[in-house]
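In: Pasting a predicted model and its sequence here:
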Amino acid sequence: MSMRQFQPDNGGGRELAQALLTYRSALVHAGVFSGVMAVVMLAPTVYMLQIYDRVLVSGNEETLWMLTIIVLMAYAIIGALEWARGMVVWSLGVEFDKKLGARVFDAAFAANLKTGRLNALQPLEDLQQLRQFATGPWLLALFDAPWSPVYVLLMFYFHSALGWFALGGVLVLLALGWLNERVSRSHLQKAGELMIASNREAHANLRNADVIAGMGMLVNLRRRWADRHQAYVREQSLAQVRMTRIQAWNKALRLTMQSLALGMCAWLVLRHEMTAGMMIAGSVLLSRALTPIDQIVGASRHWVHVKEARRRLSQLLDAFSPPAGGMDFSQPKGGVHVEQLLAALPDSTQLTLRGISFKLEPGETMAVVGSSGAGKSTLARCLVNAWQPLRGKVLLDGVPLNQWQPETLGALIGYLPQDVQLFAGTVGENIARFNVADESKVIAAAEMAGAHELILQLPEGYQTQLGENGKGLSGGQRQRVGLARALYGKPCLVVLDEPNANLDEMGAAMLTQAVARMKQTGITLILITHKSNILRQADKMLVLHAGAQVDFGSSAEVVARRQRAISSTSRQ
């Protein structure tokens, strides 16, 4: 999949909101359930009001039984509505994840391919955080909060003093919530950035545990990680201290208000301005009015994290639009044409290839040679559409690579990078590129690569489980399995970047035979190598130096020109 398929899109930031709006009916249902629950939740208040003001005064047991049956029915309705609302919100989170999961995965892949600096898991963690918000108690508190004014109005009905007292309390709690978010936001944002950087560095370092242990680098790398980690802890602590202080004020104020409200109601009862039932009911209503506000204030830290996750995802989706569909063309024969190719490393403007041009007929083999830093691996990545050139074209049978369907093109190309990069799974799954494995194709690829006998010697053959990056195999074994993966499905173009790296004498011999078999089957083959036994098998040769094309032609002609140049230099 190429970067061209992820063009910048200024409208991509609206995707998160649009994804939620897709499920507006679910949000409406959750809101309706919340509204009905808010009304039914008045039943316990009415029950207590009637008990104190009617039943205890009249002594009528039938009224008591009737009121009790009604309130029990109300509790059953509340339970059913709570279950229904929870299921709606849960399904909303699941569908939200389904709608955006693949999109975020592709965008994270594209960003990592382009810059190489992104913590690839971070966007998926951000999506999970948004989903948890959409299914957590904070969203339900938002649905409940609009009913707080209704409860306050009812308290005005009981007595204006109680209503004004409740309204003032709600406003003070909202102000504390705003202040809590205000004083902690910058510290939480910085702490989040430092945590991501710290985790990224730790993940990158710990993947190279063998090198760290072998050269005694643990203390130095731990010190580097600890500096960032302690900075994260410091910012987190500053935010936590401020939030804890305000949340303590919030809790103390809430408890104080409930006690003062009860005391004020008792005073009003003594003055015969309120009944005893209203006193108890008013206290309960105040608690109902303050609860969602209190939950929202207490979740201020989560609001900051959710907003940051949304911001990062919006930026990611802004930068990388969904992949273009491309087209399916007729089965290519493998002709390769490169025109004035200019390329640079991801997220860099420094050219690593300048003006590369060559043409290969189907079935030809070309060797690419040059000193370190000449741009050979960059060329290999451009040839397999992993990197997009800054200028110029790479054509397969006359069609630019970025016009192919990515999945179709991937099946037509085989690629063995310097770092083989096997994945966790079985040997067979790796060779089959994690498609639904066709055993005959897997074995055919392994036989063409000369790796079939080697794989059969593994503990479980093709079903041998590998760890991350091919853990469980030696370097040479990974190289040969990677070659088999490149040949899976009989691609028409194969690019091998230093294929003889890590190979012993037997492995090198098998590689030579594999190259011969590829030539016999008509595969267009591009080899980046310095080994003479491989160079002799090439029909053409491309010489690179410092990103520039020095020579190109038939292998015999290029070798002859290089030898003449060396002889001329030595005579001087």
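Out: Ah, there it is.

In: Got the domain ranges for this protein?
Out: If you go by the TED database, the domain ranges for the chain are 11-319, 336-570.

In: how about the strands in the stretch 401-550 of the chain?
Out: Ranges of strands in the stretch 401-550 of the chain, per DSSP state E, counting those that start in this stretch, are 413-416, 425-426, 465-466, 493-497, 524-528, 540-545, 548-554.

In: pLDDT on the second one, on average?
Out: Mean per-residue pLDDT for strand 425-426: 90.

In: helices and strands around that strand, which ones?
Out: Judged by 3 or more CB pairs under 8 Å, 6 or more residues apart in numbering; DSSP states H and E, the packing partners of strand 425-426 are strand 465-466. The C-beta positions use only the backbone N, C-alpha and C, and glycine is treated the same way.

In: hmm, back to that, between the strands of the stretch 401-550 of the chain, which one is closest to residue 339.
Out: strand 548-554 (12.1 Å; CB to CB).

In: Report the angle between the closest one and strand 540-545.
Out: 170 degrees (axes from the mean of the first three to the mean of the last three CA atoms, to 10 degrees).

In: before we move on, back to that, in JSON lines: the domains of the chain, plus mean neighbour count.
Out: As requested, the domains of the chain are exported to JSON lines (neighbours: other CB atoms under 10 Å):
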{"stretch": "domain 11-319", "mean neighbour count": "17"}
{"stretch": "domain 336-570", "mean neighbour count": "18"}
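
In: where among these is the average confidence lowest?
Out: Minimum mean pLDDT among the domains of the chain: domain 11-319, a mean of 82.

In: next one: it to chain centre, how far?
Out: 24 Å (CA atoms, centre = their mean, to the nearest Å).

In: Now do residue 401 against residue 87, distance only.
Out: 47 Å (CB to CB, to the nearest Å).

In: if we can go back for a sec, what's the closest of the strands of the stretch 401-550 of the chain to residue 396?
Out: Nearest of the strands of the stretch 401-550 of the chain (CB to CB): strand 493-497, 6.5 Å.

In: which neighbours does that closest one have in its sheet, and in what orientation?
Out: Using DSSP bridges, strand 493-497 pairs in its sheet with strand 413-416 (parallel), strand 524-528 (parallel).

In: I'd like these as a markdown table, with distance to residue 442 appended.
Out: Below are these laid out as a markdown table (distance: least, CB to CB, whole Å):
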| stretch | distance to residue 442 |
| --- | --- |
| strand 413-416 | 14 |
| strand 524-528 | 21 |
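
In: Of those strands, which is nearest residue 231?
Out: Nearest of the strands paired with strand 493-497 (CB to CB): strand 413-416, 40.1 Å.

In: CA atoms of the closest one as PDB?
Out: Output of strand 413-416 as PDB, limited to C-alpha atoms (Å, rounded to 0.1, in the frame of the first residue of the first chain):
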ATOM      1  CA  ILE A 413       5.200  -8.300  -6.300                       C
ATOM      2  CA  GLY A 414       7.600 -10.200  -4.100                       C
ATOM      3  CA  TYR A 415       9.900  -8.300  -1.700                       C
ATOM      4  CA  LEU A 416      12.700  -9.300   0.600                       C
END
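
In: now that strand: how far from the chain's centre is it?
Out: 26 Å.

In: can you give me the helices in the stretch 151-300 of the chain?
Out: Assigned by DSSP state H, counting those that start in this stretch, the stretch 151-300 of the chain shows helices spanning 160-206, 209-214, 218-270, 276-298, 300-319.

In: Apologies, that question was intended for the stretch 1-150 of the chain.
Out: 15-22, 24-40, 42-50, 56-58, 61-115, 122-135, 137-144, 148-158.

In: now the angle between helix 61-115 and the second one, please.
Out: So that's helix 24-40. Using the same axes, to 10 degrees: helix 24-40 against helix 61-115 is 150 degrees.

In: and helix 24-40, what does it pack onto?
Out: Checked by 3+ CB pairs under 8 Å, 6+ apart, helix 24-40 has helix 61-115, helix 137-144 packed alongside it.

In: helices and strands around the shortest one, which ones?
Out: I take that to be helix 137-144. Using 3+ CB pairs under 8 Å, 6+ apart, helix 137-144 sits against helix 24-40, helix 61-115, helix 276-298.

In: Kindly export that helix (C-alpha atoms) in CSV.
Out: Coordinates of each C-alpha in helix 137-144 appear next as CSV, following Å, rounded to 0.1, in the frame of the first residue of the first chain:
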residue,chain,number,x,y,z
PRO,A,137,-20.7,6.4,33.2
TRP,A,138,-19.5,9.9,32.0
LEU,A,139,-21.7,9.8,28.9
LEU,A,140,-24.7,8.7,31.1
ALA,A,141,-24.0,11.6,33.4
LEU,A,142,-24.3,13.9,30.4
PHE,A,143,-27.7,12.5,29.6
ASP,A,144,-28.8,12.9,33.3
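
In: Residues contacting it, please?
Out: Outside helix 137-144, the residues that touch it by CB atoms under 8 Å, 6 or more residues apart in numbering are 30-31, 34, 38, 85, 89, 133, 291-292, 295-296, 299, 302-303.
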